[in-house]
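Novice: fold the following and give me the result.
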Amino acid sequence: MLKDAQTNYCAGPQMVEIRQDDERLQGSCCSPMAFHRYEEQVESLKKYSHIKQIPKDPYDIEVSLAKELLGYQKTIKLTADQQKIYDDAMKMSHEGGPCCCKCWRWDAFEGLAKYLITEHNFDSQQVAEVWDLIDGCGGEGHAHVEVAPK
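Specialist: Numbers count the residues shown, from 1 in each chain. Purely as a prediction, here's the structure:
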């Protein structure tokens, strides 16, 4: 079961780099996964389904995608205006950045933000929203969105 998976944990980017591309990083990393929040996140992420770099599931990420995002973190350079968007998103996000700690997710989702800012013209509010929706730390926090009836 996804909530019991243990391949996602607080570790640096090297943890991702040593894995095979077809593996998956699954489970929460800091606190137990809260199913209600998870449902909100997955439902809300659907509005970004046209952008393949945004994970569809915060608790089930392909290693190949994590590696791609880590690559963006290293190679995309932001202009001063773009850096301001990034910095403002840091202040707006629930975790105070791409993740709750400086783990592989922090670096990967910093790369994602750089990509979204440079390639999709995301503003700081959009970046913070994506970070909040792909938060895989676990816990009871809410995505503060309406979940469509099933």
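Novice: could you use CA atoms for every contact and neighbour count after this?
Specialist: OK.
Novice: could you pull up the residues touching the residue nearest to the spatial centre of the chain?
Specialist: What sits nearest the mean C-alpha location of the chain, by C-alpha atoms, centre = their mean, is Ile134, with 3.8 Å. Under the criterion of C-alpha atoms under 8 Å, 6 or more residues apart in numbering, the contact list for Ile134 reads Gln41, Leu45, Pro55, Asp57, Pro58.
Novice: residues near the first one, how many?
Specialist: Read it as Gln41. The criterion is other C-alpha atoms under 10 Å. On that basis, Gln41 has 26 neighbouring residues.
Novice: what helix or strand is it on?
Specialist: In the assignment (DSSP states H and E), Gln41 maps to helix 35-45.
Novice: give me the pLDDT for Tyr115.
Specialist: pLDDT, the model's per-residue confidence, is 98 for Tyr115.
Novice: hang on, it in a helix?
Specialist: Yes - secondary structure of Tyr115, determined by DSSP: H, G, I helix; E, B strand; the rest coil: located in a helix.
Novice: pLDDT below threshold where in the protein?
Specialist: Applying pLDDT under 70 to the predicted model, the residue ranges of the chain that meet it are 1-11, 30, 138-150.
Novice: mind listing the strands for this protein?
Specialist: According to DSSP state E, the chain carries its strands in the segments 24-26, 60-62.
Novice: could those be laid out in CSV, adding distance to Pro32 and mean neighbour count?
Specialist: As requested, the strands of the chain are arranged in CSV below (distance: least, C-alpha to C-alpha, whole Å; neighbours: other C-alpha atoms under 10 Å):
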stretch, distance to Pro32, mean neighbour count
strand 24-26, 12, 20
strand 60-62, 14, 19
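Novice: reformat these as TSV; add distance to Asp107.
Specialist: As requested, the strands of the chain are arranged in TSV below (distance: least, C-alpha to C-alpha, whole Å):
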stretch	distance to Asp107
strand 24-26	15
strand 60-62	14
